[in-house]
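Participant: only geometry, no sequence info:
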């Protein structure tokens, strides 16, 4: 269906190739969260790995920051249809977190948990192989609370709701268990290139 | 009830044709777009995804909150014209009765208010963040009059407030509804309005005057507004589980 008088403003071919279907480019950095920004005290901050209900490793702020740091510049895609190009992050790759805990990927699925009890499920294979990190810095500065600071998950090749803000744990699960948005109709994997927004999208 | 609530998830919602019935200037910055589309009735707070398609097949998709009351004959969207935007200028400068485009929805299963969710109800909106809250105020007037409700509405100048006469009339008709409009760059217009931002102090003062603690608080607007209001509510002892927020990035390029 053509909309009378709408021409749109397509990007040039180089940028257009980086834009998943149904997305448009923003140069701003919009914030999306379902509730208030939780206050997170660095002295009380803790990040843990769980396999099922069992905690297998944990770090406080200082020991977590001592893990190997990786810089990653990537495009990010929000399900509300904005994409932002070339966002510069630094943090600890999930690979390095697993290595520090002496683990290989323990189960096929993962639930990421936040300090505000938000959760989101991600296939473990999408977190490893250098694809995902727990991000601590953005544009060279400590991550803002509104954007998920002090630490958030970053899985840039999936829609951004998978990149849980204010992360406190990764829990490895045998089954693919839906998180906050996934129980509310959003997609279990959320690949922007296949436009997997809602659970009705293939 | 909508597909979203019935199944807890949006079930295979298709894109459907929407036809504009009328458009009107709501404020100098907001245009009301009234449309008809074969979508299920919405719950106050939900949005429609809108898709405009160019002659060459290029399309652009954006979410817009629904401002009309659930069950209204026409669905109303409030579109703010953002300079340099791609979709909003079409709605503001081009769209006319009879024009068609596609919509999918209603969507959104969290930022909602239904009469059975009860109150006291606190609604706080900044700028075009008033849209989903208008739907809630209209729903409340129709189906839950008498429910203690405080609407905090922040605009730059009074003339940028959407539907001030309607809000006045609702307030006069129902003493349980209190509307306070904050003007950040202009004078307060009505008795009880607030000149300046809804900063921590102003929100705390309004809560004290209201005399209720909200069972539900829904806050929608630009990020800085939402952070300030939700932060104050947390500080005033309102549990995080009672607060829902929807933030607008305020991104001209994404508009």
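Facilitator: Okay, I see it. Keep in mind that this is a model prediction, so the values were computed, not measured.

Participant: ok, which residues in chain A are in contact with chain B?
Facilitator: For chain A, the contact set with chain B under C-beta under 8 Å from any C-beta of the partner chain comprises A:1-10, A:22, A:24-39, A:80-82, A:116, A:146, A:183-185, A:198-200. For every residue, glycine as well, the C-beta is placed using N, CA and C.

Participant: So which of those residues sit within strands?
Facilitator: A:24, A:25, A:82 (DSSP state E).

Participant: Between those residues, which sits nearest chain B?
Facilitator: Comparing these against chain B with C-beta to the nearest C-beta places residue A:82 closest, at 4.3 Å.

Participant: Now do that closest one against residue A:10, distance only.
Facilitator: Noted for residue A:82: a distance of 16 Å to residue A:10, by C-beta to C-beta, to the nearest Å.

Participant: more crowded one of these two?
Facilitator: residue A:82 (24 against 15; other C-beta atoms under 10 Å in any protein chain shown).

Participant: Could you pick out the longest strand of chain B?
Facilitator: Max-length strand for chain B by DSSP E is strand B:16-25.

Participant: Show me the shaky parts of the chain.
Facilitator: No chain in the question, so chain A it is. Of all residues in chain A, none has pLDDT under 70.

Participant: my bad, chain B
Facilitator: Low-confidence segments of chain B (pLDDT under 70): B:1-12, B:249-255.

Participant: can you list the domain ranges for it.
Facilitator: As assigned by automatic domain parsing, chain B contains the domains B:3-107, B:115-254.

Participant: what's the closest of those to residue A:86?
Facilitator: Across those, residue A:86 has its closest neighbour in domain B:115-254 (14.0 Å, C-beta to C-beta).

Participant: centroid residue for chain A?
Facilitator: The centre of chain A sits closest to residue A:163, judged by C-alpha atoms, centre = their mean, with a distance of 1.4 Å.

Participant: residue contacts, the nearest residue to residue A:155 once chain neighbours are set aside?
Facilitator: In this structure, residue A:155 finds its nearest non-sequential neighbour in residue A:132, 4.4 Å apart by C-beta to C-beta, 6 or more residues apart in numbering or on different chains. By C-beta atoms under 8 Å, 6 or more residues apart in numbering or on different chains, the contact set of residue A:132 is A:93, A:94, A:122, A:126, A:153, A:154, A:155, A:156.

Participant: list the helices and strands the helix or strand that the longest strand of chain B is followed by packs on?
Facilitator: Once the chain leaves strand B:16-25, the next helix or strand it forms, by DSSP states H and E, is strand B:30-36. If contacts are counted by 3 or more C-beta pairs under 8 Å, 6 or more residues apart in numbering or on different chains; DSSP states H and E, strand B:30-36 sits against strand B:16-25, strand B:75-80.

Participant: Identify each buried residue in the last one, please.
Facilitator: Spelled out, that is strand B:75-80. Applying a neighbour-count criterion of 16 or more other C-beta atoms under 10 Å in any protein chain shown, the buried positions in strand B:75-80 are B:75, B:76, B:77, B:78, B:79, B:80.

Participant: what's the answer for stretch A:138-145, then?
Facilitator: Across stretch A:138-145, burial judged by 16+ other C-beta under 10 Å covers A:138, A:143, A:144, A:145.

Participant: wait, what's in contact with the last one?
Facilitator: Put plainly, it is residue A:145. Residues in contact with residue A:145 (C-beta under 8 Å, 6+ apart) are A:37, A:39, A:40, A:166.

Participant: With the second one instead?
Facilitator: Under the criterion of C-beta under 8 Å, 6+ apart, the neighbours of residue A:143 are A:135, A:136, A:137, A:149, A:150, A:151, A:152.

Participant: tell me which of these is nearest to residue B:180?
Facilitator: Closest to residue B:180, out of all of the contacts of residue A:143 and judged by C-beta to C-beta, is residue A:149, at 32.0 Å.

Participant: The chain: strands as residue ranges?
Facilitator: If you meant another chain, say so; for now it's chain A. Secondary structure of chain A (DSSP E): strands located at A:24-25, A:46-51, A:54-60, A:70-77, A:82-93, A:109-114, A:119-123, A:133-138, A:141-142, A:152-154, A:167-173.

Participant: Correction: the question concerned chain B.
Facilitator: B:16-25, B:30-36, B:47-53, B:59-65, B:75-80, B:100-107, B:121-126, B:149-155, B:177-183, B:194-195, B:216-222, B:243-248.

Participant: Kind regards, and thank you for your time.
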